[in-house]
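>>> Give me the fold of what follows.
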Amino acid sequence: MSYKRPESILVVIYTKDALVLMLERLQPRGFWQSVTGSLLEGELAVDAARRELTEETGLVGELIETNIENTFPIIAEWRDRYAPEVLENHETVFALQIESAIEVRLNSDEHVAQCWLPRVQAAEKASSWTNRDAILALVTEV
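The predicted structure is shown next:
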């Protein structure tokens, strides 16, 4: 079996007027997040962020390197994707600011819904603490 690499990226996408794009995962349902994804073997975090951004939304843009990194326990729903001895994931956070809220092209293998929310509501909707913290740190009220 091929296991996922325990390194991932998070890309917070937001508009100039502080609306944040949130995506609902296919599995588990009700899990809302920004763009996320694991690094492939030999892939740099910034390259994974560009790849995941396009795969999950169809967007291409100039990513902002935030210097935010997190390490967190892998949740039970995803434990079987990783080698048995791997208990934590390391995440590198990026941001992308776009002009205004647009409908993005979802990857139907990963997400079932999208919405643009004001900064605080997006942070409240985020299912992971790292995503919540990143939204609040990176998106400023206008």
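>>> Please state the mean pLDDT value computed over stretch 24-34.
For stretch 24-34, mean pLDDT is 94.
>>> Can you check the distance spanned by that stretch, start to finish?
As for stretch 24-34, its first-to-last residue distance stands at 9 Å under the measure CA to CA, to the nearest Å.
>>> Just the residues contacting that stretch, thanks.
10-13, 20-23, 77, 108-114, 125-128, 131, 134-135 (CB atoms under 8 Å, 6 or more residues apart in numbering). Placement of C-beta: from N, CA and C, glycine included.
>>> Swap in 6 Å and give it another go.
If you take CB atoms under 6 Å, 6 or more residues apart in numbering as the criterion, stretch 24-34 is touched by 10-12, 22-23, 77, 110, 112-113, 125, 127, 131.
>>> What ranges does this structure have for its strands?
With DSSP state E applied, the chain shows strands at 7-15, 19-25, 32-33, 35-38, 64-73, 88-98, 111-118, listed in chain order.
>>> Output the contacting helices and strands for the first one.
This means strand 7-15. Strand 7-15 is packed against strand 35-38, helix 45-57, strand 88-98, helix 129-138, with contacts defined by 3 or more CB pairs under 6 Å, 6 or more residues apart in numbering; DSSP states H and E.
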